[in-house]
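>>> From the sequence below, what's the structure:
(one chain, ligands or ions: 1)
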Amino acid sequence: MPTINFSNPQFKDKTVYAVAGSHTETVLKIAKENKIPVQFECEDGECGSCVIRVTNVDQQKSPMGYHLTEKEKTVLRELGKLSKDDLEALIVNDLPSEWRLACQFIPRDEDILVEY
Ligand code: FES
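Residues are numbered from 1 along each chain as shown. Below you'll find the predicted structure:
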């Protein structure tokens with residue numbers, strides 16, 4: 001079963017098990033269900049308050065996840081988390097971004113670290 005390790009220097013780290021193969025639950029929804037204090041406002045990929053950094057627990061791999069949504073591309077650019085060049089490189093190389101919006105990011109069946 002895939003695990004999500006939530007980490008924030010102000011709170012105790014917490015590991016939760018994601019439902020394998022659900023492919024519908026966002027990281028924000030999983031955090032809320034587990035009372036993990038990930039910040040959020042709009043829950044619709046507009047405000048950027050839920051920005052997170054996602055890495056694969058297995059350092060050899062990059063997270064599979066789903067690719068950035070159009071909303072994420074816009075907001076992450078506005079927040080300065082991704083430059084135009086970063087974005088183009090991700091698209092050209094077909095890679096997922098480590099910066100995501102918790103309300104948009106749906107994890108896949110892999111163990112990930114979520115820094116919030
Ligand atoms: S809560 Fe607003 S972008 Fe995620």
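
>>> which other residues reach the helix or strand bottoming out on mean pLDDT in the chain?
When each helix and strand of the chain is scored by mean pLDDT, DSSP states H and E, helix 84-92 comes last, with a mean of 90. If you take CB atoms under 8 Å, 6 or more residues apart in numbering as the criterion, helix 84-92 is touched by 67-68, 73, 77, 82, 95-97. Backbone N, C-alpha and C define where each C-beta goes, glycine included.

>>> swap the cut-off to 6 Å and go again
Under the criterion CB atoms under 6 Å, 6 or more residues apart in numbering, residues S97 lie in contact with helix 84-92.

>>> List the buried residues of it.
By neighbour count with 16 or more other CB atoms under 10 Å, helix 84-92 contains the buried residues L90.

>>> distance between that helix and the chain's centre?
Computed by CA atoms, centre = their mean, to the nearest Å, the chain-centroid distance of helix 84-92 equals 18 Å.

>>> Stretch 27-37 too?
12 Å.

>>> From the centroid of the protein, which residue is nearest?
For the chain, R100 is the residue whose C-alpha lies nearest the centre (CA atoms, centre = their mean; 4.2 Å).
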